[in-house]
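Novice: need coordinates for the below:
(chains A, B and C)
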Amino acid sequence: MALIALTTDFGTTDAFVGVMKGVIAARAPGVVVIDVTHGVPAQDVRAGALILRHAVPYFPAGTVHVAVVDPGVGSARRPLCVETEHAVLLGPDNGLLSLAATSETIRRIVHLTEERFFRTPRSATFHGRDVFAPVAAAVATGTPVSSLGPEVSDMERIHLPPLVREDAGLRGQILYADHFGNLVTNIPADALPARCTIQICGTRIRGVAPSYSAGAPGMPLAVVNSWDVLEIAVRDGSARERLGAAVGEPVLVVPD
Amino acid sequence: MALIALTTDFGTTDAFVGVMKGVIAARAPGVVVIDVTHGVPAQDVRAGALILRHAVPYFPAGTVHVAVVDPGVGSARRPLCVETEHAVLLGPDNGLLSLAATSETIRRIVHLTEERFFRTPRSATFHGRDVFAPVAAAVATGTPVSSLGPEVSDMERIHLPPLVREDAGLRGQILYADHFGNLVTNIPADALPARCTIQICGTRIRGVAPSYSAGAPGMPLAVVNSWDVLEIAVRDGSARERLGAAVGEPVLVVPD
Amino acid sequence: MALIALTTDFGTTDAFVGVMKGVIAARAPGVVVIDVTHGVPAQDVRAGALILRHAVPYFPAGTVHVAVVDPGVGSARRPLCVETEHAVLLGPDNGLLSLAATSETIRRIVHLTEERFFRTPRSATFHGRDVFAPVAAAVATGTPVSSLGPEVSDMERIHLPPLVREDAGLRGQILYADHFGNLVTNIPADALPARCTIQICGTRIRGVAPSYSAGAPGMPLAVVNSWDVLEIAVRDGSARERLGAAVGEPVLVVPD
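Specialist: The predicted structure follows:
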């Protein structure tokens, strides 16, 4: 049986996630369920898409990922299944699945219309429980993706901000801030010049450090992080707080 | 073997929950443990009872639920096991189990007195670890509920605020606020008139929307939620913050 | 197969922990993973060491504990495996493992140098994913600890503040504050006089109460907690907030 992995903005202070797991346990006894995270910022589809994209590759082939960041739940937005070479992705058609899906080869996209796989009655507010968890249980126990509904040719896609090559250097921005206050940029490691200075929020950071601990305590530094992109951090502290930076903040990389 | 599900106010920043799982793993190897939530507001027995009541039905029959919101731990309050037609509920006798128990047919209520199922020595501050986790492990691995202690005829019960029919309409109140700031009322969907206006905190909401996404961003709306009761929400926002409402806030439903 | 238990400061709002579990699931299918906690205060090695020390004894013998609170990730600090009579501990050599290790008999300490057990490529910022999770998967599936690298004779150790016997009584301090705001001291239960008064933040507490519920609501009380040390709590409230106390706050126990 396949693993099921869950990525949502449901938090863990309510029982939303627990109830989804109860539904899965009832329909797919013995299936292992792993939490990717339930701490996606509420209704932030792009943050959820980024997290999912950087988590899926580390899971076993064939893992069934349920992702729910779904401000449009109960509306006409479609519930989807995207099958790639490595994974099965279930979630709303709002872009949430798109970064993970397009980083691999897509085999098929299916519109989940076969209601026999859903819970009955189905609420208008909690498709994690009533649609995605039961469909995941079905897929994990062997139901072919092709039987979940008709194949479709398109899905909503998230467009990440472009990396801009300017005269002064490379202009990117902060995409995501993590639990430690580390600021994750959209600048890939392989776009970085051998020697450079990074400018953010009026601060200049000389060079890319080999690790967090290379900096002085409390001082901003730049590293290549575990997503293999440039990240701004503060040794033993929070770059978000130290720099007052938020998602969207411009970052300039100037070759030395 | 049965599943064990955990509902507590222990949070997840300490190791309370992890230690309970260690105790269960040592005594019932291979038993699957699912977190309902550990985010019940600290010492809020009523909130815990509501969460448990709306989670239990989604778990497989025979699931052993351990619920611990227990300001009276170490005092004379009894530890209980309530066996219903669908589930086994373990927790303190302070009302926490009562809403889940009375929503089904109760088979028996047992006072947990058989200390041979407890950990030794037993602390006065952490019965989740020393009483409820080991008893759950025993039940999940086949110990009959009847051997846990003497049957008793009563338990403490939570009394939810009544729904009041007034000349103006139906008067209820906010019972619970979730992670998204959605405000959950005590007004069941089947008590709602076909057309109505909802009044809360000086705001009037026209009609019950089919889904969260039916509202304008930032505006309060009313929906029937996944507990099948009236809920006040804000599209892409928090109704709790937008309205400044808290648990206990009156809600009036006026037929149009 | 052995259990794997995880103790980190990664929080649960990002996918760090989920990704570690994905790596483990891919390399050790079917191994059970239990979260001790991911809520260790960021980069607080001592708090992590205390939590781990008080969690390990409750897990089954042979459990593989992965602990990551690692401000020095990517630097020259060594990754270690400490095998004790009861457990296998994996983590950075910064003291994090030391309290758990020295509370039992240590069999061997191994410097993790055998890179064939690591993920490739290995990031400089996330050894939880690239070093400790894959090594844990190897150990849980039967790889002998002795094959992970050379045995070493020493490790970094955390030194807890001493308990001082003064003319006035016993002087200790607050070591840790939990989710409820309970203040955990370094004063073991067996060092407490039969009758005493506790002084903290200018407040005097008469005697050690048998349980949290023995106090008046809102009033500070002292109990012996589940770590078997003196703890300052507030009935139905937070001692941390009520007393304005933090980690390091002195506590004096005066015999009556």
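Novice: what is the burial count for the spatially closest residue to A:H179 that is not a sequence neighbour?
Specialist: Distances taken as C-beta to C-beta, 6 or more residues apart in numbering or on different chains put C:G11 closest to A:H179, at 3.7 Å, once the chain neighbours are dropped. (Each C-beta comes from the backbone N, C-alpha and C, glycine too.) When neighbours are defined as other C-beta atoms under 10 Å in any protein chain shown, C:G11 has 19 of them.
Novice: counting neighbours, what do you get for the closest residue to chain C within chain A?
Specialist: Relative to chain C, the nearest point of chain A is A:S211 (2.6 Å; C-beta to the nearest C-beta). Per other C-beta under 10 Å, the neighbour tally for A:S211 reads 22.
Novice: how about the residue nearest to it when sequence neighbours are not counted, secondary structure?
Specialist: Nearest non-adjacent residue to A:S211, counting by C-beta to C-beta, 6+ apart: C:G74, 2.6 Å away. Three-state assignment for C:G74 (DSSP: H, G, I helix; E, B strand; the rest coil): coil.
Novice: OK, contacts around the residue of chain A closest to chain C?
Specialist: A:V223, C:G72, C:V73, C:G74, C:S75, C:A124, C:T125 (C-beta atoms under 8 Å, 6 or more residues apart in numbering or on different chains).
Novice: may I ask which two of those are separated the most?
Specialist: For the contacts of A:S211, the farthest-apart pair by C-beta to C-beta is A:V223 and C:G72; their separation is 13.3 Å.
Novice: find residues that contact each of these two.
Specialist: Joint contacts of A:V223 and C:G72 (C-beta under 8 Å, 6+ apart) are A:S211, A:Y212.
Novice: the residue in the stretch 51-200 of chain A positioned nearest to chain B: how many residues sit nearby?
Specialist: Residue of the stretch 51-200 of chain A nearest chain B, by C-beta to the nearest C-beta: A:G74 (2.6 Å). The number of residues packed near A:G74 is 19, by other C-beta under 10 Å.
Novice: A:R122 is in contact with that one, correct?
Specialist: No - using C-beta atoms under 8 Å as the test, A:G74 is too far from A:R122 to be in contact (9.5 Å).
Novice: what touches both of these two?
Specialist: Counting by C-beta under 8 Å, 6+ apart, A:G74 and A:R122 have no contacts in common.
Novice: leaving out chain neighbours, which residue sits closest to the residue nearest the centre of chain A?
Specialist: Against the mean C-alpha coordinate of chain A, by C-alpha atoms, centre = their mean, the closest residue is A:I51 at 2.3 Å. Residue nearest to A:I51 in three dimensions, not counting chain neighbours: C:A15, with 5.0 Å by C-beta to C-beta, 6+ apart.
Novice: could you measure from that neighbour over to A:V135?
Specialist: Using C-beta to C-beta, to the nearest Å, C:A15 is found at 22 Å from A:V135.
Novice: go on, A:L221?
Specialist: For A:L221, the distance to A:V135 - C-beta to C-beta - is 44 Å.
Novice: repeat for A:D167
Specialist: Going from A:D167 to A:V135 by C-beta to C-beta gives 51 Å.
Novice: okay, these two: which has more neighbours?
Specialist: Neighbours of A:D167 and A:V135, each counted by other C-beta under 10 Å, are more numerous for A:V135; the result is 27 against 4.
Novice: for that one, what are its contacts?
Specialist: Contacts of A:V135 (C-beta under 8 Å, 6+ apart): A:P79, A:C81, A:L90, A:L112, A:F117, A:F118, A:L148.
Novice: switch the cut-off to 10 Å
Specialist: Contacts here follow C-beta atoms under 10 Å, 6 or more residues apart in numbering or on different chains; on that basis A:V135 touches A:27, A:64, A:66, A:79, A:81, A:88, A:90, A:112, A:114, A:117-119, A:127, A:143, A:145, A:148-149.
Novice: A:R53 now?
Specialist: A:L97, A:S98, A:L99, A:A100, A:A101, A:T102, A:S103, A:E104, A:I158, A:L160, A:W227.
Novice: make sure it is indeed in a strand.
Specialist: No - under the criterion used here (three-state DSSP), A:R53 is helix, not part of a strand.
Novice: quick check: closest non-adjacent residue to A:G39.
Specialist: Spatial nearest neighbour of A:G39, chain neighbours left out: C:T13 (3.0 Å); criterion: C-beta to C-beta, 6+ apart.
Novice: that neighbour contacts A:A42, doesn't it?
Specialist: No - with contact defined as C-beta atoms under 10 Å, C:T13 does not count as touching A:A42 (11.3 Å).
Novice: common neighbours of the two, please.
Specialist: By the contact definition C-beta under 10 Å, 6+ apart, C:T13 and A:A42 are jointly contacted by A:G11.
Novice: quick one: end-to-end distance for stretch A:92-109.
Specialist: Start and end residues of stretch A:92-109 are separated by 12 Å (C-alpha to C-alpha, to the nearest Å).
Novice: actually stretch A:201-217, not the one I wrote
Specialist: End-to-end span of stretch A:201-217 (C-alpha to C-alpha): 19 Å.
Novice: in the stretch 101-250 of chain A, which spans are helices?
Specialist: Applying DSSP state H, counting those that start in this stretch to the stretch 101-250 of chain A gives helices spanning A:127, A:133-140, A:239-243.
Novice: list the helices and strands whichever helix or strand comes after the last one packs on?
Specialist: Following the chain from helix A:239-243 toward its C-terminal end, the next helix or strand by DSSP states H and E is strand A:250-255. Taking 3 or more C-beta pairs under 10 Å, 6 or more residues apart in numbering or on different chains; DSSP states H and E as the contact definition, the neighbouring helices and strands of strand A:250-255 are strand A:170-177, strand A:183-188, strand A:196-200, strand A:203-206, strand A:229-234.
Novice: can I get those in TSV with distance to chain C, mean pLDDT and mean neighbour count?
Specialist: Output for the helices and strands packed on strand A:250-255, formatted as TSV (distance: least, C-beta to the nearest C-beta, whole Å; pLDDT from 0 to 100; neighbours: other C-beta atoms under 10 Å in any protein chain shown):
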stretch	distance to chain C	mean pLDDT	mean neighbour count
strand A:170-177	9	98	22
strand A:183-188	10	98	22
strand A:196-200	16	98	20
strand A:203-206	16	96	14
strand A:229-234	8	97	25
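Novice: now render those strands as JSON lines, adding distance to C:R206.
Specialist: Formatted as JSON lines, the helices and strands packed on strand A:250-255 follow (distance: least, C-beta to C-beta, whole Å):
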{"stretch": "strand A:170-177", "distance to C:R206": "48"}
{"stretch": "strand A:183-188", "distance to C:R206": "51"}
{"stretch": "strand A:196-200", "distance to C:R206": "55"}
{"stretch": "strand A:203-206", "distance to C:R206": "54"}
{"stretch": "strand A:229-234", "distance to C:R206": "45"}
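Novice: which stretch of helix or strand covers A:G11?
Specialist: Using DSSP H and E, A:G11 falls within no helix or strand.
Novice: dump the residue contacts of it.
Specialist: A:V17, A:H38, A:G39, A:V40, A:A42, B:T37, B:G39, B:D178, B:H179, B:F180, C:T12, C:T13.
Novice: need the contact list for A:A101.
Specialist: Counted by C-beta under 10 Å, 6+ apart, A:A101 has contacts A:49, A:52-53, A:56, A:80, A:82-84, A:87, A:89, A:109, A:155, A:157.
Novice: quick check: phi and psi on A:K21?
Specialist: Torsion angles at A:K21 (phi, psi; degrees, to the nearest 10) stand at phi -70, psi -30.
Novice: give me every residue in the stretch 101-250 of chain A lying close to chain B.
Specialist: Residues of the stretch 101-250 of chain A found near chain B (C-beta under 10 Å from any C-beta of the partner chain) are A:R119, A:P121, A:S123, A:A124, A:T125, A:F126, A:H127, A:G128, A:R129, A:D130, A:A133.
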